[in-house]
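A.B. asks: Predicted coordinates and the sequence they were generated for:
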Amino acid sequence: MASDNELLLDVEVDPWGSTISIEDLDTDDRPGVPDGFKTEIWCWSTIHSIDVYTMSQDESETTERLVRVRVYRGTDSVGLGERAFDGELELTTGTLAVGAYLGTPPEEQQLHLSPGLVHLQIFTEKAIQTVHYDLPEPGEYPISGPTDINVLILPT
């Protein structure tokens with residue numbers, strides 16, 4: 001069954017540590033790392049910024065794969081992954097930025113919308129399950145976090 005969601009942005013992002021930020025462009029309102037990080041919580045937020053836990057930067061380099069982030073507009077969540085967030089994000093600038101937490105993301109990682117509150121849902125999934133390391137002992141090890149993030153902007 002085809003989805004009626006409109007794909008607005010499809011980018012690959014180098015994670016910062018094990019995090020990708022989805023935020024109001026150039027915000028200083030950062031959520032910080034909560035208790036339970038890497039064990040129970042996959043997403044944490046403020047009104048202007050959402051941080052999503054992902055595979056680590058080391059895993060990204062080893063697998064030669066960046067975190068893929070897709071932003072859709074629509075209502076169909078089927079096939080987008082496991083829901084990690086359902087709430088509002090305030091876009092003072094009107095620009096949704098997707099990046100690795102520090103600095104201004106390049107233009108191709110920015111989505112120009114309208115200023116105001118945006119209701120969105122964030123879904124995560126693992127497109128790859130393991131990473132091969134030679135040390136400490138050669139073998140396949142589970143990927144620590146999601147490799148793909150799907151953001152669904154819901155109509156208001």
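C.D. replies: Ah, there it is.

A.B. asks: what's near enough to touch residue 119?
C.D. replies: 87, 88, 153, 154, 156 (CB atoms under 8 Å, 6 or more residues apart in numbering). All C-beta atoms are positioned from the backbone trio N, CA, C, and that covers glycine.

A.B. asks: what about this protein, any weak spots by pLDDT?
C.D. replies: Within the chain, the stretches with pLDDT under 70 are 1-2, 30-41, 100-102.

A.B. asks: Now with 90, please.
C.D. replies: Scanning the chain for pLDDT under 90 picks out 1-3, 16-19, 26-46, 99-107, 128, 132-139, 141, 144, 156.

A.B. asks: Most remote residue from the middle of it, which is it?
C.D. replies: Here the chain reaches farthest from its C-alpha mean at residue 137, the gap being 30.7 Å by CA atoms, centre = their mean.

A.B. asks: and that residue, which of the three is it?
C.D. replies: Following DSSP: H, G, I helix; E, B strand; the rest coil, the label given to residue 137 is coil.
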